[in-house]
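>>> Build me a model:
(one chain, ligands or ions: 1)
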Amino acid sequence: MESKQFNDAFLKACRGEKTDHVPLWFMRQAGRSQPEYRKIKEKYGLFEITHQPELSAYVTRLPVEQYNTDAAILYKDIMTPLPAIGVDVEIKTGIGPVISNPIRSLSDVEKLGEINPEQDIPYILETIRILTQEQLNVPLIGFAGAPFTLASYMIEGGPSKNYNKTKAFMYAEPKAWFALMDKLADTMITYVESQVKAGAKAIQIFDSWVGALNVQDYRTFIKPVMNRIFTSLAPLNVPLIMFGVGASHLAKEWHDLPLDVVGLDWRLPINEARAMGLTKTLQGNLDPAILLAPWHVIEERLKEILDEGMKSDSYVFNLGHGVFPEVQPATLKKVASFVHEYSASNK
Ligand SMILES: Cc1c2[nH]c(c1CCC(=O)O)Cc1[nH]c(c(CCC(=O)O)c1C)Cc1[nH]c(c(CCC(=O)O)c1C)Cc1[nH]c(c(C)c1CCC(=O)O)C2
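Okay, the predicted model is just below:
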């Protein structure tokens, strides 16, 4: 791959610049749906893979080479930086992150430490260096979980359906809540800076579960901390992407923040997002479940989304959420070539 010219279509579209095709990548492109990955998973857990830079680089590269995506996303998890600040987290296959020392009070928040990336996660920085200096000819996307989504795991102790404990903590203990948001924001800022310094060319902030909040609570309990995060990251001069699930009601709030790209799940059509006044680059938003449908259904939906997306240069194709484990790699490959060819001939 080294000899191939660097493909910067993704970075250009993030900045709203013209490209010869619509760039694409798939959330969760590295992992569960890939037989090569599943084979590695028979032997190692997620954290065991991420501690081995050559292996993590291979897992990160695999979907780029197989599907011809326009960006790579670093193989790791939103939980990756949390052990460094004292969170005892395990990733359980089929369940997700489980935390054995959940946050219950202000004093629990005060016990959290600081992250020193070179010391605490050198293997992540090494993986980024291997990929960006030696292996990739597309941009590498680094990422971090946003404070609400990280806090939801830290307070619930694991995945949740309704985030009741998280919300109860937020309403009942605002002082502890804001202390936790600040702690996580500081950790994420340092963590993201280290990823960019090591070679990441764009950053996606996953606030996957923040859609559980209404607009007023988002403004009170989350928007100020997100504003601080994006303001602090702006000098890094890389595209900053926001994403969450079931958060269409917050898309305008995100658009107000100093970020570059608004990631949409599958619920809000691109044209309606534009009509709401979202002029920034939009990323999305095929329902990942459609990848389980027959090809003619997939193709019809791809055309609909691309026809709307391509009305502006500020558009990146993606799914509305992560690839399901059941999706065939051949389907992802076909989607990628369709997006590339259809957009190249209609631009
Ligand atoms: C909420 C969240 C998590 N992790 C992540 C999010 C935000 C994105 C989203 O909204 O889905 C982000 C994430 N997790 C992983 C990646 C890198 C892979 C990629 O995107 O290509 C990314 C970007 C690896 C992973 N993270 C996890 C796996 C599965 C581990 C395994 O293979 O058993 C992978 C490949 C585990 C994990 N980690 C998490 C959950 C809910 C789970 C279990 C569900 C699942 O199976 O995906 C937390």
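
>>> Give the residue farthest from the middle of the protein.
Residue distances from the centre of the chain (CA atoms, centre = their mean) peak at residue 107, which lies 30.3 Å from the mean C-alpha position.

>>> For the ligand, see how far away it is.
Separation of residue 107 from the ligand (CB to the nearest ligand atom, to the nearest Å): 26 Å. Where C-beta positions appear, they are placed from N, C-alpha and C, glycine not excepted.

>>> do residue 183 as well
19 Å.

>>> Mind checking what secondary structure the nearest residue to that residue once chain neighbours are set aside has?
Leaving out its chain neighbours, the residue that sits closest to residue 183 by CB to CB, 6 or more residues apart in numbering is residue 112, at 5.3 Å. Secondary structure assignment for residue 112 (DSSP: H, G, I helix; E, B strand; the rest coil): coil.

>>> Would you mark the buried spots in stretch 273-289?
In terms of neighbour count (16 or more other CB atoms under 10 Å), stretch 273-289 has its buried residues at 273-274, 278, 280-288.

>>> Stretch 255-275 too?
Applying 16+ other CB under 10 Å to stretch 255-275 flags 255, 257, 259-270, 273-274 as buried.

>>> and what of stretch 98-113?
For stretch 98-113, a neighbour-count test (16+ other CB under 10 Å) marks 98-99, 102-103, 108-109, 112 as buried.

>>> can you tell me which of the residues you listed lies nearest to the ligand?
residue 98 (10.0 Å; CB to the nearest ligand atom).

>>> Test my guess that the closest one contacts residue 157.
Yes: at 6.9 Å, residue 98 and residue 157 qualify as touching, with contact defined as CB atoms under 8 Å.

>>> and the stretch 51-200 of the chain, which of its residues are near the ligand?
Residues of the stretch 51-200 of the chain lying close to the ligand (CB under 6 Å from any ligand atom) are 73, 75, 77-78, 91, 93, 96-97, 143, 149, 159.

>>> got a markdown table for those residues, with secondary structure too?
Putting these into a markdown table (three-state DSSP) gives the following:
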| residue | secondary structure |
| --- | --- |
| 73 | strand |
| 75 | coil |
| 77 | coil |
| 78 | coil |
| 91 | strand |
| 93 | coil |
| 96 | strand |
| 97 | strand |
| 143 | strand |
| 149 | helix |
| 159 | coil |
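
>>> Need these in CSV (columns: neighbour count and pLDDT).
Below are those laid out as CSV (neighbours: other CB atoms under 10 Å; pLDDT from 0 to 100):
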residue, neighbour count, pLDDT
73, 24, 98
75, 25, 98
77, 18, 97
78, 19, 98
91, 15, 96
93, 9, 88
96, 13, 95
97, 22, 98
143, 23, 98
149, 23, 98
159, 13, 97
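
>>> which residues touch the residue in the stretch 151-300 of the chain that the ligand sits nearest to?
Closest contact between the stretch 151-300 of the chain and the ligand, by CB to the nearest ligand atom, is at residue 208 (3.2 Å). By CB atoms under 8 Å, 6 or more residues apart in numbering, the contact set of residue 208 is 78, 145, 149, 243-245.

>>> go on, residue 81?
115, 117, 120-121, 144, 187-188, 191.

>>> cool, and residue 144?
Going by CB under 8 Å, 6+ apart, residue 144 touches 78, 81, 188, 191-192, 195, 203, 205-206.

>>> Next step: the residues you listed restricted to strands.
By the criterion of DSSP state E, membership of these in strands covers 203, 205-206.

>>> In a markdown table, list those residues along with neighbour count, pLDDT and distance to residue 65.
Converted to a markdown table, the ones in strands among the contacts of residue 144 look like this (neighbours: other CB atoms under 10 Å; pLDDT from 0 to 100; distance: CB to CB, whole Å):
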| residue | neighbour count | pLDDT | distance to residue 65 |
| --- | --- | --- | --- |
| 203 | 24 | 99 | 23 |
| 205 | 26 | 98 | 26 |
| 206 | 21 | 98 | 24 |
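
>>> give me the subset of the residues you listed touching the ligand.
residue 206.

>>> doesn't the residue of the stretch 151-300 of the chain closest to the ligand fall inside a strand?
No: Residue 208 is assigned coil when assessed by three-state DSSP, not a strand.

>>> Good, we can wrap up now.
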